[in-house]
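Undergrad: I would like the atomic coordinates for the input below:
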Amino acid sequence: MQSKKLLLSAALFGAGFLPTSQAENWYAEGLAGGLINADSSDFTTVSELSLGSVGLRSGYQINDSFRVEGELQMGVGKEELRQTRYGTDVSIHSMAAAFGKYTLPINDRLSLHSRLGVASIEFESEIVDDDGSVVDRFIDTYTGIGFGAGAEFGVTDNIYLRTDYTRYQANALDTNSILIGAGVRF
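TA: Okay, the predicted model is just below:
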C-alpha cells in the first residue's frame, strides 16, 4: 500500500511542474488482461497461478521515442486452490507500476515499444473451510522489476489500441502479464 501511495504522490508532484502548453503529450488508457504463470515458492499448494485484472494507465511523452508511464490494476476473479480440509482462494488485490517506455515507430499508425520499470503486486489469499466460510485472510506484497515489449496501433490521431507482454521478477515471485488496452492521447 505504501508503494502505491509513493507512486501516486510522485506522479501528482511531477504533473504540477509540467507547463500547460505540454498537455497534448499526456495519454490515458483502460486495460484488461492479467498475470499468467505466476510462480512463487510462497504458493505452497500450486506452483503456478493465472489471474485476471483490469486497470488504468497514464503516461507522458517526453520526446518522440521516450515516455514515462504509471499503471494501477485490480484483480477480477480468483483461483481456488484446494487442499484436504481447507482451500485457499487467491486473487490480485492490487498492482501499481511505473515504467520508462521506448517507442519505435514502424509507420504513421503502428509502433513497437519496450519498457522497463518497478512494480508492486499484492495477492489476497483467503483460507476457506469446506462449508465455504472464510477462516483467515491475508495479503502478500511483492516488489521488483518489470520489463517487456508491445505494440500500439493508432485508430485515429488521438485514439489507439495497445498490447503488452511484461515479465515481473520480485523476491520470491516470477510472473508474466499480458494486457490489452484502448487509450486516448491529449
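Undergrad: Tell me the helices and strands packed up against the host helix or strand of residue 118.
TA: Element membership of residue 118 [criterion: DSSP states H and E] is strand 110-128. Applying 3 or more Cβ pairs under 8 Å, 6 or more residues apart in numbering; DSSP states H and E, one finds that strand 110-128 contacts helix 2-15, strand 87-105, strand 134-154, strand 159-170. Backbone N, C-alpha and C define where each C-beta goes, glycine included.
Undergrad: Quick check: next helix or strand after the first one?
TA: I take that to be helix 2-15. Next along from helix 2-15, by DSSP H and E: strand 26-40.
Undergrad: Now do that following strand, average pLDDT.
TA: Mean per-residue pLDDT for strand 26-40: 86.
Undergrad: How about residues contacting stretch 104-115?
TA: Residues from elsewhere that reach stretch 104-115 (Cβ atoms under 8 Å, 6 or more residues apart in numbering): 64-65, 69, 99-103, 146-154, 164, 166.
Undergrad: Check what pLDDT the residue nearest to residue 62 when sequence neighbours are not counted gets.
TA: Computed as Cβ to Cβ, 6 or more residues apart in numbering, the closest residue to residue 62 that is not its neighbour in sequence is residue 68, at 6.6 Å. pLDDT, residue 68: 98.
Undergrad: was I right about residue 68 contacting residue 103?
TA: No. Using Cβ atoms under 8 Å, residue 68 makes no contact with residue 103, being 11.8 Å away.
Undergrad: Could you tell me which residues touch both of the two?
TA: Common neighbours of residue 68 and residue 103, using Cβ under 8 Å, 6+ apart, do not exist here.
Undergrad: just to revisit the earlier point, using a markdown table, lay out the helices and strands packed on strand 110-128 together with mean neighbour count and mean pLDDT.
TA: Compiled in a markdown table, the helices and strands packed on strand 110-128 are given as follows (neighbours: other Cβ atoms under 10 Å; pLDDT from 0 to 100):
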| stretch | mean neighbour count | mean pLDDT |
| --- | --- | --- |
| helix 2-15 | 13 | 50 |
| strand 87-105 | 19 | 91 |
| strand 134-154 | 15 | 92 |
| strand 159-170 | 18 | 95 |
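Undergrad: Residue 135 is in contact with residue 129, correct?
TA: Yes. Between residue 129 and residue 135 there is a contact under Cβ under 8 Å: 5.4 Å.
Undergrad: give me the element residue 180 is part of.
TA: Going by DSSP H and E, residue 180 is in strand 173-185.
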